[in-house]
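# Here's a sequence, model it:
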Amino acid sequence: MDKNFLLALRCLFFSVAFIPLVLIFPQQKDAPKEKTETNTSVTESEIEIKKPDVIFKENIQLEVGTAANASNFILAVKNGELSADFLLDTSSVGKKTDKIPVKCENGEIVYYTFLYTVTDTVAPRISVPATFLARKDKPVNLLSGVKVSDNSGEKITPVITGNYSFSLPGTYTVTYTATDSSGNSGSATAVLTVIEYNVKGMRTPDSINTSNYHLPYAVTVYREYNTVVVYSPDEFGYYTVPVKVFICSCGKEENTPIGTFYTSNKYRWGRLVGGVYGQYSTRIVGGILFHSVPYFEQNPGSLEYLLYNNLGTKDSLGCVRLAVADCKWIYDNCPSKMAVTITLEPVPEDITRPEAIKIPEDSPNRGWDPTDPDPNNPWRKQ
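All right, here's what the predicted structure looks like:
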């Protein structure tokens, strides 16, 4: 066969064998797609929230100890609002940092740093007594009654200066200066007067004075002289002014103790050693009391009159016996914790010791103390 014919026949065979399948098995057409709307909404978290803009005052300075709210120093808050207000810390000097809560528009809380400086420019204030009075060679506490206050709250002790002397009578100016930790200083002055003042004899210890003892009276018992003196304070605060002088009987065996003591309990009738009783008793120390001359019973008409006639001599078992009027005065007028000094010193020469009263042994009224204010006292009817 002609070669060209064979070649043509081969080409035809391959053409038929490879007819596209789409012609033999036609493809089905796609179903038409439904038209949908695109959802363009977003969640709240996808919205861009503007951060609040807080505008503070510049160069904020506060005085120590003052009260100030944080909001006082905010000029404006944009895109939000202040969530809470509070007092700034001005308790001490220095640079301070606080965080201020601001609520965003979506309710979220964010914090902004707030800077301020606390300073101290105020001097301490000093309050002093106008005058101090002192006896020669008896220094007084020049800080007594002096008060210092400062806005910082510091405890400041003032420095005392001045050309003064407790050994030389005269009038002096005393200056007080108080300086706080920031270097602020305040000052005040007082007048100190030193006087030549000689108190005769031993009265009460100098340790008992109105700077540390605040009762109206202090008592001294002159044991060897069987005398009791009640003192009130003088212009220097020492208990040297005699108010009352009583005859007494101290311990006959010198068992009335020496020293300074402070009274405690009181008894309208006190039971004494030996089963007897004392009127208007005031305890000095331990078993030592001020009380009347003993009575056989709790009856103001049962007085041991022989012992009464011994007033002014050492005759007790250690207590300090007194006439009823005298121990009643102590009972009524001298509060508990009153200072009682029992001494061997003599009675000061400018103090007059009273005479003791004697009861006649044959008197029908001898069972009564003549000084007893009891309305039934027969001595009062004579």
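
# what's in contact with the helix or strand encompassing Ile100?
Following DSSP states H and E, one finds Ile100 within strand 94-104. Applying C-beta atoms under 8 Å, 6 or more residues apart in numbering, the contact partners of strand 94-104 are 49, 51-52, 54, 70, 74, 77, 79-84, 86, 88-89, 109-118. Glycine gets a C-beta too; all of them are placed from N, C-alpha and C.

# Which entries within those meet the buried criterion?
Among the contacts of strand 94-104, those buried by neighbour count (16 or more other C-beta atoms under 10 Å) are Pro52, Val54, Ala70, Ile74, Val77, Gly80, Leu82, Leu88, Tyr112, Phe114, Tyr116, Val118.

# so which of the residues you listed comes closest to Ile156?
Nearest to Ile156 out of those is Val118 (C-beta to C-beta; 18.4 Å).

# Name the SS class of that closest one, please.
At Val118 the chain is in strand, as set by DSSP: H, G, I helix; E, B strand; the rest coil.

# can you pull out the helices in the stretch 251-382 of the chain?
Taking DSSP state H, counting those that start in this stretch as the test, the helices found in the stretch 251-382 of the chain are 305-308, 324-333.

# Dump stretch 275-295 to PDB, keeping only the CA atoms.
Only the C-alpha atoms of stretch 275-295 are listed here, as PDB (Å, rounded to 0.1, in the frame of the first residue of the first chain):
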ATOM      1  CA  GLY A 275      -9.100  45.900 170.700                       C
ATOM      2  CA  VAL A 276      -9.700  49.600 171.000                       C
ATOM      3  CA  TYR A 277     -10.800  52.100 168.300                       C
ATOM      4  CA  GLY A 278      -9.700  55.300 166.800                       C
ATOM      5  CA  GLN A 279     -11.900  58.000 165.200                       C
ATOM      6  CA  TYR A 280     -11.200  59.500 161.700                       C
ATOM      7  CA  SER A 281      -8.300  57.300 160.900                       C
ATOM      8  CA  THR A 282      -6.100  57.800 157.800                       C
ATOM      9  CA  ARG A 283      -3.500  55.200 156.900                       C
ATOM     10  CA  ILE A 284       0.100  56.700 156.400                       C
ATOM     11  CA  VAL A 285       2.000  53.500 155.700                       C
ATOM     12  CA  GLY A 286       1.500  49.900 156.800                       C
ATOM     13  CA  GLY A 287       0.100  49.800 160.300                       C
ATOM     14  CA  ILE A 288       0.900  53.500 160.900                       C
ATOM     15  CA  LEU A 289      -2.100  55.800 160.900                       C
ATOM     16  CA  PHE A 290      -3.300  59.300 161.900                       C
ATOM     17  CA  HIS A 291      -6.100  58.700 164.300                       C
ATOM     18  CA  SER A 292      -7.700  60.000 167.500                       C
ATOM     19  CA  VAL A 293      -6.800  59.000 171.000                       C
ATOM     20  CA  PRO A 294      -8.200  55.400 171.500                       C
ATOM     21  CA  TYR A 295     -11.700  54.600 172.600                       C
END
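
# Show me what counts as buried in that stretch.
Buried positions in stretch 275-295, judged by neighbour count with 16+ other C-beta under 10 Å: 276-284, 288-295.

# Show me those that map onto strands.
277-284, 288-292 (DSSP state E).

# thinking again about what came up before, mind listing the strands the strand holding Ile100 pairs with, and their directions?
Its sheet considered, strand 94-104 pairs with strand 80-82 (antiparallel), strand 109-119 (antiparallel) by DSSP bridges.

# tell me what whichever helix or strand comes after the last one is packed against?
What it means is strand 109-119. Toward the C-terminal end, the helix or strand that comes next after strand 109-119 (DSSP H and E) is strand 125-127. Packing partners of strand 125-127 (3 or more C-beta pairs under 8 Å, 6 or more residues apart in numbering; DSSP states H and E): strand 147-149, strand 185-195.
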